[in-house]
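Engineer: No letters, just coordinates:
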């Protein structure tokens, strides 16, 4: 028995080592993507096609406001890919040296719109109409942390309407929360991306498009703090491919 026991122990150790190695490889095959909230539906549809093209690889998503995602990455969150809804947030990531050099690229563009509930909504044609007495609450992302909110504030400031509209603001943590406020009739109007309005097209109605000082272009890049840079590159390539762009176009995104 004494001569067999070490052999059994060695075998068990080898099996355990192989199991741990397999678990490590499986975990390494995951691609963690932190993406702007407005990309939720499009990226979730895109994931199965990406995984089918790369057997053994799974995509793990984290959706939130771009600024919140950057804060997580800054604090060391293990993220392989970062997709922002604006250039400003990605610029900050680059300035903090959080991105892998040469991987940043623009992959889609979007538009800012003003929406109202589909039922019993208000009839507005311009930003100036937001001053009407019938518009008591306006949903928008917090300008300090949500790109869509910054775009909205910038457009209102340029039109010299921010002072009049700000008291009506109902701030959201991300653009999807602003969409929810309007869809539930909690606000008379709201600022969201055109792609968000399509998500709940039976509950909200687009009133008009809002010109922005800078184009709404979405950048994507591989981060330095991830564990699967190779998988991240594959995801970036897939998003830019004809198949990936077709999915994004179905959700209303335009070419970069």
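Structural biologist: Nice, I can see it. Owing to the predicted nature of the structure, the values given are computational and were not obtained by experimental measurement.

Engineer: The spatially most central residue of the chain - nearest residue in space that isn't next to it in sequence?
Structural biologist: Central residue of the chain (C-alpha atoms, centre = their mean): residue 36, 1.4 Å from the mean position. Using C-beta to C-beta, 6 or more residues apart in numbering and skipping residues adjacent in sequence, the residue nearest residue 36 is residue 85, 3.7 Å away. Just so you know, the C-beta spots here come from the backbone N, C-alpha and C atoms, and that holds for glycine as well.

Engineer: returning to what we had before: quick one: the residue nearest to the centre of the chain from residue 157, how far?
Structural biologist: Spatial separation of residue 36 from residue 157 under the definition C-beta to C-beta, to the nearest Å is 22 Å.

Engineer: With residue 66 instead?
Structural biologist: 20 Å.

Engineer: more neighbours, the two?
Structural biologist: For residue 66 versus residue 157, neighbours defined as other C-beta atoms under 10 Å are more numerous around residue 66 (33 against 15).

Engineer: Find me the pLDDT at that one, would you?
Structural biologist: At residue 66, the pLDDT value in this model is 96.

Engineer: which residues does residue 133 contact?
Structural biologist: Neighbour list for residue 133: empty [criterion: C-beta atoms under 8 Å, 6 or more residues apart in numbering].

Engineer: I meant to write residue 234 there.
Structural biologist: Neighbouring residues of residue 234 by C-beta under 8 Å, 6+ apart: 31, 50, 54, 57.

Engineer: What residues does the residue lying closest to the last one once chain neighbours are set aside make contact with?
Structural biologist: The shortest distance from residue 57 to any residue that is not its chain neighbour, by C-beta to C-beta, 6+ apart, is 5.0 Å, and that residue is residue 29. When contacts are counted by C-beta under 8 Å, 6+ apart, residue 29 is found next to 56-58, 228, 231.

Engineer: which among those end up buried?
Structural biologist: By neighbour count, with 16 or more other C-beta atoms under 10 Å, the contacts of residue 29 hold 57, 228, 231 as buried.

Engineer: So the second one versus residue 139, what's the distance?
Structural biologist: With distances defined as C-beta to C-beta, the gap from residue 228 to residue 139 amounts to 37 Å.

Engineer: Now do the SS call for the residue nearest to residue 36.
Structural biologist: Secondary structure, DSSP: H, G, I helix; E, B strand; the rest coil: residue 85 is coil.

Engineer: Distance check, it against residue 165.
Structural biologist: 21 Å.

Engineer: In terms of packing, which of those two has more residues around it?
Structural biologist: residue 85 (31 against 22).

Engineer: And what about the nearest residue to residue 213 once chain neighbours are set aside, helix, strand or coil?
Structural biologist: Leaving aside its chain neighbours, residue 213 sits nearest to residue 154 (5.6 Å; criterion: C-beta to C-beta, 6+ apart). Three-state call for residue 154 (three-state DSSP): helix.
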